[in-house]
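>>> Give me the fold of what follows.
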Amino acid sequence: MTELTIEAIREAVREELARPRSPWLDSEAAAAYLGSTAGTLRNWRSTGKGPRYHVVQERLVRYHVDDLDAFVRAG
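As a prediction, the model looks like this:
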C-alpha cells in the first residue's frame with residue numbers, strides 16, 4: 001500500500017513539473033508537451049501541417065497550449 005502511495009505522489013509531482021508556467025511555448029517546450037521533437041514541429045510548419053503557431057517579431061515561433069490541445073484532440 002505504501003508503494004502505491006509513493007507512486008501516486010511521484011506521478012503528481014511529474015504532472016506538476018510538466019505543466020507549463022506560461023500558455024505560450026517555444027518549439028522545444030511545445031515538442032516536449034506533445035511528446036515530439038522540435039524538428040518534427042519545424043517539418044510540420046514547413047508543410048502546413050501540425051498545430052497552429054504564431055510568429056513573434058518575425059523570427060520567434062510560439063505555440064499556445066490551447067492550440068496544442070486542439071491539435072491533439074483533432075487527431
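
>>> and for the longest helix seen in the chain, what are the contacting residues?
For the chain, the longest helix by residue count, based on DSSP state H, is helix 2-18. Helix 2-18 has contacts (Cβ atoms under 8 Å, 6 or more residues apart in numbering) with Ala32, Tyr33. (Each C-beta comes from the backbone N, C-alpha and C, glycine too.)

>>> could you point out which element follows it?
Following helix 2-18 in sequence order, the next helix or strand is strand 24-25 (DSSP states H and E).

>>> on contacts alone, who are the packing partners of that next one?
strand 60-64, helix 65-74 (3 or more Cβ pairs under 8 Å, 6 or more residues apart in numbering; DSSP states H and E).

>>> now the longest one against strand 60-64, angle please.
Same thing as helix 65-74. Relative orientation of helix 65-74 versus strand 60-64 (axes from the mean of the first three to the mean of the last three Cα atoms, to 10 degrees): 60 degrees.

>>> Using PDB, write out the CA atom coordinates for helix 65-74.
Extracted C-alpha coordinates of helix 65-74, given in PDB (Å, rounded to 0.1, in the frame of the first residue of the first chain):
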ATOM      1  CA  VAL A  65      -1.200  25.400 -25.100                       C
ATOM      2  CA  ASP A  66      -4.800  25.600 -26.200                       C
ATOM      3  CA  ASP A  67      -3.800  25.200 -29.800                       C
ATOM      4  CA  LEU A  68      -1.600  22.200 -28.900                       C
ATOM      5  CA  ASP A  69      -4.500  20.600 -27.100                       C
ATOM      6  CA  ALA A  70      -6.800  21.200 -30.000                       C
ATOM      7  CA  PHE A  71      -4.300  19.600 -32.400                       C
ATOM      8  CA  VAL A  72      -4.200  16.500 -30.200                       C
ATOM      9  CA  ARG A  73      -8.000  16.300 -29.900                       C
ATOM     10  CA  ALA A  74      -8.400  16.700 -33.700                       C
END
